[in-house]
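Q: What would the 3D arrangement of this be:
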Amino acid sequence: MSEVIHADHHDDHAHGPAKGLKRWLFTTNHKDIGTLYLWFSFAMFLIGGVLALVIRAELFQPGLQFVQPEFFNQMTTNHGLIMVFGAIMPAFVGLANWLVPMQVGAPDMALPRMNNLSFWILPFAFGMMISTLFMEGGGPNFGWTFYAPLSTTYAPPSVTYFIFAVHLMGASSIMGSINIIATILNMRAPGMTLMKMPMFVWTWLITAYLLIAVMPVLAGAVTMMLFDIHFNTSFFNAAGGGDPVMFQHILWFFGHPEVYIMILPAFGIVSHIIPAFARKRLFGYTSMVYAVASIAFLSFIVWAHHMFTVGMPLAGQLFFMYSTMLIAVPTGVKVFNWISTMWRGSMTFETPMLFAIAFVVLFTMGGFSGLMLAITPVDYQYHDTYFVVAHFHYVLVPGALFSIIAAVYFWFPKWTGKMYDETLGKIHFWLSFVGVNVTFFPQHFSGLAGMPRRIPDYPLQFADFNMISSVGAFIFGLSQVFFLYVIIKSIRSGAPAADRSWEGAKGLEWTLPSPAPYHSFTHPPVVKDEEVLG
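A: Residues are numbered from 1 along each chain as shown. Okay, here's the model as predicted:
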């Protein structure tokens, strides 16, 4: 095996390093692939953001202004799918590619060629999905949850391409996850036991297992859709003996672990940033690891809280209500641990720390509205209103997205050797923070007042909150274009980063959010008598 590896390396050097396009197409370097993932996800984020702004422009005032209801539905569907599968998830995989090998002391990912393949599937998958918008009959118009029979019996012809795109994304996710698990379990530096791994590595190890468990479920759901559409089966068609509610069960058995897949790596990122800028070790490392594992386990037994209104038995409603409320416990443990880490720390508030603190505060708000939605009789009132939209956007935008932005600012000096402009970073933070709250906070109120989601027009009483929400959305959208400017400016003309980026004048050390290593000189290892005698 080693001869093969040496021959491969020799081959590379014989031709010199690949340049230009060839370097990016054929790369097996985890850093290059991480960079590809991050830029791809940013492009998808901007496309998904444009679709969101079309939605918010339409909802700026009552009446139909810009788009027809059919096109509005295509916007909501594609916005959701692109943001979830095209922006958030590839960004986390990109961060994993960059950071996991470095944090476990591995030279690269375990399966570098598969790593290349798992990235290059994505542009084709999303190219196909976005192209459906330009097909005859229009793109998918059934919401990102694509409930049958709306997505099977009444779907436009382009739904077949959408199904194929989902299969491709799933294949990419599964390959990426296998790679991350193989890297973490087989390539850790000597002496790094599992309970000495950095938190980001832990969260990704657990996330990867979740992905491998649930992606085939999604594949099953879309395959059954494909058969219902083209081969006359009746999986979800009641007239043929099928059950539309079964579709919801299958979709949410995938979908609920999926929302934790989008937040667990964020927990890992924040568990690195807060200790660094508080100049303290992470409080309660072991409890953090167990909390992540508990959240992952519980995510599999709460799926039907998305479907309290389908007429399930009371015992089922009680089970899903209590198990959903139970998930708040390990999540609360993590929040208290982050607060305890900051408590009496020597904190400074550079851009990554601002995003991390905003994450803790706003994600907790999203968690509280989720706890409200967990209560079955209350959920009957909130279901399918803007309250739900406000809840999950508080979890995903200031949650997943803010953590990704925080990670970019935090590790940027390590990736590029350049320092970003701190003033511009702070301007970006405050614009984003104000924009996100002005956008999504009013939606709680319109939802409680009864405004349904996924509608292009609405009664007059919701006009004010919608106007505020739309203004906030444009502030938030433009601030992400400003983020692009900050990053490009820093790459091209940023000041060179110090060897230990966050040290500088502030005396900040890199602190890994894991226990002190065994060979640490400050904590000499305790040798037991029998070891000496042995």
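Q: remind me which residues of the protein are low pLDDT?
A: 1-16, 503-534 (pLDDT under 70).
Q: what's the distance between Ile184 and Pro107?
A: 14 Å (C-beta to C-beta, to the nearest Å). In this view, the C-beta of every residue, glycine as well, is placed from N, C-alpha and C.
Q: ok, now Ser151?
A: Taken as C-beta to C-beta, the span from Ser151 to Pro107 is 45 Å.
Q: Name the residue in these two with the higher neighbour count.
A: The residue with more neighbours, out of Ser151 and Pro107, is Ser151; 27 against 9, by other C-beta atoms under 10 Å.
Q: how about Ile488, what does it touch?
A: Listed by C-beta atoms under 8 Å, 6 or more residues apart in numbering, the contact set of Ile488 is empty.
Q: distance between stretch 429-437 and the chain's centre?
A: 19 Å (C-alpha atoms, centre = their mean, to the nearest Å).
Q: Give me the buried positions along that stretch.
A: Phe429, Leu431, Ser432, Phe433, Gly435, Val436, Asn437 (16 or more other C-beta atoms under 10 Å).
Q: quick one: the fifth one and Phe429, what's the gap?
A: With distances taken as C-beta to C-beta, Gly435 is found 11 Å from Phe429.
Q: now for this protein, which residue lies nearest the mean position of the chain?
A: Met262 (3.2 Å; C-alpha atoms, centre = their mean).
Q: Does that residue touch Val397 like I think?
A: No: Met262 is beyond contact range of Val397, at 11.1 Å (criterion: C-beta atoms under 8 Å).
Q: Tell me how many other residues surround Arg23.
A: Neighbour tally, Arg23, other C-beta under 10 Å: 12.
Q: In three-state terms, label it for me.
A: helix (DSSP: H, G, I helix; E, B strand; the rest coil).
Q: Next, count neighbours for the nearest residue to Ala182 once chain neighbours are set aside.
A: Closest residue to Ala182 in three dimensions, ignoring its sequence neighbours and counting by C-beta to C-beta, 6 or more residues apart in numbering: Ala110, at 3.7 Å. The number of residues packed around Ala110, counting by other C-beta under 10 Å, is 19.
Q: Check the one 5 residues further on too.
A: Other residues near Asn115 number 27, with proximity taken as other C-beta under 10 Å.
Q: Quick one: residues contacting Val378.
A: Met372.
Q: can you tell me how far it sits from Val388?
A: Val378 is 12 Å from Val388, by C-beta to C-beta.
Q: Please apply the same query to Tyr147.
A: 15 Å.
Q: Pick out whichever of the two has more residues nearby.
A: A side-by-side neighbour count of Tyr147 and Val388, using other C-beta under 10 Å, places Val388 first with 19 against 16.
Q: which residues sit in contact with the nearest residue to the more buried one once chain neighbours are set aside?
A: In space, and not counting its chain neighbours, Val388 is closest to Tyr382: 6.1 Å by C-beta to C-beta, 6+ apart. Under the criterion of C-beta under 8 Å, 6+ apart, the neighbours of Tyr382 are Met372, Leu373, Val388, Gly447, Leu448.
Q: May I ask which of those residues has the most neighbours?
A: Top of these by neighbour count (other C-beta under 10 Å): Gly447, with 24 neighbours.
Q: so that residue touches His393, yeah?
A: No: Gly447 is beyond contact range of His393, at 11.2 Å (criterion: C-beta under 8 Å).
Q: and Leu251, what does it touch?
A: Counted by C-beta under 8 Å, 6+ apart, Leu251 has contacts Thr145, Phe146, Tyr147, Leu218, Ala221.
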